[in-house]
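Enquirer: Sequence first, then the predicted structure, then my questions.
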Amino acid sequence: MVADLVLNSSVVATQQWVLRHKNGLKREIEISRQTHPQRYDFVAALLASGGLSAELQVIYAQLSESDRLWLAEEKILLPASEQAENITFECPLDLTLPELLPLTVRQQLPQLSPEKRALFGINPRMVLQTEPDLDETYAERVPFREVFSERRPVLWVREPLYEMLLPYWPSPEMLPIIQALLAGQIPPDLSDETFHVLVLARILLLAKPHEYVQFQTQMAALMKAKLEKEQYLIFQQWLSPILLAALRGYYREIKQEGYLFAENSPDAVRTCAHNDPLTCYLQTQMTGWLNRLLPEAVKPTYTFVSYYDQTGMGKHIDWEQCAWNISVMVDPVPEEAPTLTWPLFIQFPETLVEAHLEPGDAILYKGTDFPHWREDLPPGHRATVSLFHFVHQDYVPAKRPN
């Protein structure tokens with residue numbers, strides 16, 4: 001019924017009509033008065049009045065069926081019970097494994113004998129944030145803070161290889177364990193499942209801190225040489241599996257709330273989120289490690305969250321703001337072949353690479369130099385992929401061609 005509908009509180013008017021949430025997510029919705037005059041006038045009056053008044057209810061009832069359907073699909077008008085809330089990111093850290101943990105990770109968890117447990121140590125680079133503001137040591141490493149949940153405490157963990165700063169929100173049951181770890185003690189009575197959670201979150205490490213420094217140096221040298229030779233790199237578990245589980249849930253939520261826009265180009269039929277703030281945060285965390293591998297320093301340009309439903313990506317070369325790309329497999333549905341490791345094809349001068357990425361894996365390659373594509377997914381199969389784009393540090397953007 002018309003009386004049950006309300007104006008979405010996150011809709012504001014700019015030069016275009018914009019559906020916006022306060023944490024940085026936005027979706028632009030263009031309305032042309034020339035093509036849809038009744039729709040345009042109704043939305044203008046709706047935003048001017050701040051709600052669906054009795055007079056506007058009468059006008060709404062006189063709109064065409066297609067206009068009313070459009071208002072519902074774009075979530076400009078919605079039932080009061082579905083009023084949009086701010087979408088924030090929170091990665092729970094609990095005693096049990098998260099529901100959206102990839103099956104490939106769950107199936108490969110090893111048995112934990114006392115001897116194996118004794119090999120693990122505590123990551124020394126962690127801080128527990130209990131106040132609204134982050135410690136100065138970490139604050140400059142955390143841009144796009146508006147996307148994160150305001151719930152406290154937050155455990156910030158420096159990932160030991162790729163140097164990513166990962167946020168976790170410990171449950172009340174997990175908090176005493178985290179406090180013990182910060183005091184330098186691994187509780188002896190941890191269940192196997194809780195121990196696995198701490199390992200997958202990169203809180204417990206299978207090496208001493210000084211060994212990771214050496215390991216980092218060695219891995220950077222090996223990866224740099226491999227990239228120079230093969231022109232691409234695959235990073236296994238680029239994202240912590242615990243963080244990845246929360247990221248999958250977050251991407252599903254922003255899709256459900258209508259923050260992905262359709263792209264129907266010759267190269268791709270997909271829905272996307274451009275510069276989603278959480279994805280941009282992850283991009284800033286990648287840049288330091290990349291600059292240890294690449295022949296020249298780079299900086300981020302933009303990100304895409306790309307959702308493919310029974311579609312693929314045509315063979316193409318990227319434009320100049322995608323000099324280097326990182327593509328991360330996030331959420332294949334169902335988690336079975338061929339979607340589980342949906343291949344990215346890259347055509348190099350002398351070889352064709354077919355890169356199979358499991359959830360959380362990433363691939364680095366030059367998007368402007370080498371054609372790349374993905375074949376269509378079969379019926380009933382979907383996948384969400386995060387794309388991170390980088391350019392030379394001194395790059396000055398030109399106007400994008402049509």
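Expert: Sure thing, it's come through.
Enquirer: Could you tell me how far stretch 281-298 lies from the centre of the chain?
Expert: 17 Å (Cα atoms, centre = their mean, to the nearest Å).
Enquirer: and if you look at stretch 247-266?
Expert: 11 Å.
Enquirer: Pull out the buried residues from it.
Expert: Within stretch 247-266, the residues scored as buried using 16 or more other Cβ atoms under 10 Å are Leu247, Arg248, Gly249, Tyr250, Tyr251, Ile254, Lys255, Glu257, Gly258, Tyr259, Leu260. (Each C-beta comes from the backbone N, C-alpha and C, glycine too.)
Enquirer: Now for the second one: which residues touch it?
Expert: When contacts are counted by Cβ atoms under 8 Å, 6 or more residues apart in numbering, Arg248 is found next to Leu100, Val330, Asp331, Pro359, Thr384.
Enquirer: For Val305, see how far away the fourth one is.
Expert: In other words, Pro359. Look at Pro359 and Val305: by Cβ to Cβ, to the nearest Å, they are 15 Å apart.
Enquirer: Also the last one?
Expert: Using Cβ to Cβ, Thr384 is found at 7 Å from Val305.
Enquirer: One more: the first one?
Expert: Look at Leu100 and Val305: by Cβ to Cβ, they are 16 Å apart.
Enquirer: all helices of the stretch 251-400 of the chain, in order?
Expert: Using DSSP state H, counting those that start in this stretch, the helices of the stretch 251-400 of the chain run over residues 277-293.
Enquirer: Please point out which parts of stretch 51-62 sit buried.
Expert: In stretch 51-62, counting by 16+ other Cβ under 10 Å, buried: Leu52, Leu56, Tyr60.
Enquirer: Just these: which are in strands?
Expert: Among the buried residues of stretch 51-62, no member falls in strands (criterion: DSSP state E).
Enquirer: Quick one: residues in contact with stretch 138-145.
Expert: 24, 127, 129, 133-134, 156, 165, 167, 277-278, 280-281, 284-285.
Enquirer: if we can go back for a sec, list residues touching both of Thr384 and Val305?
Expert: Common neighbours of Thr384 and Val305 (Cβ under 8 Å, 6+ apart) are Tyr251.
Enquirer: any low-confidence regions in the protein?
Expert: 1, 14-24, 84-85, 398-402 (pLDDT under 70).
Enquirer: OK, contacts around the most centrally placed residue in it?
Expert: Taking Cα atoms, centre = their mean as the criterion, Thr279 is the residue nearest the geometric centre of the chain, at 4.2 Å. Shown in contact with Thr279 (Cβ under 8 Å, 6+ apart): Ala273, Thr303, Phe304, Val305, Ser386, Phe388.
Enquirer: closest to Trp342 among the residues you listed?
Expert: Comparing the contacts of Thr279 against Trp342 with Cβ to Cβ places Ser386 closest, at 13.4 Å.
Enquirer: Name the nearest residue to that closest one, sequence neighbours excluded.
Expert: Val328 (4.4 Å; Cβ to Cβ, 6 or more residues apart in numbering).
Enquirer: Kindly state the beta-bridge partners for that neighbour.
Expert: Ala362, Ser386 (DSSP bridges).
Enquirer: list the helices and strands whatever helix or strand Tyr168 lives in packs on?
Expert: Element membership of Tyr168 [criterion: DSSP states H and E] is strand 165-170. Packed against strand 165-170 by the contact rule (3 or more Cβ pairs under 8 Å, 6 or more residues apart in numbering; DSSP states H and E) you find strand 92-93, strand 154-158, helix 241-256.
Enquirer: Relative to Arg292, which of these is closest?
Expert: That would be strand 154-158 among those, by Cβ to Cβ, at 15.4 Å.
Enquirer: quick check: angle from that closest one to strand 165-170?
Expert: 150 degrees (axes from the mean of the first three to the mean of the last three Cα atoms, to 10 degrees).
Enquirer: mind listing what's buried in strand 154-158?
Expert: Val154, Leu155, Trp156, Val157, Arg158.
Enquirer: which of those sit farthest apart?
Expert: Val154 and Arg158 (13.7 Å).
Enquirer: So what's the residue count around the closest residue to Arg39 other than its chain neighbours?
Expert: Spatial nearest neighbour of Arg39, excluding adjacent residues (Cβ to Cβ, 6+ apart): Asp67 at 4.6 Å. Residues near Asp67, counting by other Cβ atoms under 10 Å, number 17.
Enquirer: Could you report the distance from Asp67 to Glu30?
Expert: Asp67 is 15 Å from Glu30, by Cβ to Cβ.
Enquirer: do Thr301 as well
Expert: 24 Å.
Enquirer: more crowded one of these two?
Expert: Between Thr301 and Glu30, counting by other Cβ under 10 Å, Thr301 is the more crowded of the two (18 against 8).
Enquirer: my guess is the more buried one contacts Cys322, does it?
Expert: Yes. Thr301 lies in contact with Cys322 (Cβ atoms under 8 Å); the separation is 7.3 Å.
Enquirer: Now do the shared contacts for those two.
Expert: Joint contacts of Thr301 and Cys322 (Cβ under 8 Å, 6+ apart) are His389, Val391.
Enquirer: Give me the domain ranges for this protein.
Expert: 2-82, 92-207, 213-392 (automatic domain parsing).
Enquirer: how distant is the second one from the center of its chain?
Expert: Right, the one you point to is domain 92-207. 19 Å.
Enquirer: Same check on the longest one?
Expert: How far domain 213-392 lies from its chain's middle: 11 Å, per Cα atoms, centre = their mean.
Enquirer: Then the first one?
Expert: If you compare the mean C-alpha spot of domain 2-82 with that of the full chain, they lie 28 Å apart, counting by Cα atoms, centre = their mean.
Enquirer: got the end-to-end distance for it?
Expert: End-to-end distance for domain 2-82: 14 Å, by Cα to Cα, to the nearest Å.
Enquirer: correct me, but Lys226 touches Leu233?
Expert: Yes. Between Lys226 and Leu233 there is a contact at 6.2 Å, judged by Cβ under 8 Å.
Enquirer: So which of those two has more stuff around it?
Expert: Shown here are Lys226 and Leu233; by other Cβ under 10 Å, Leu233 has more neighbours (17 against 14).
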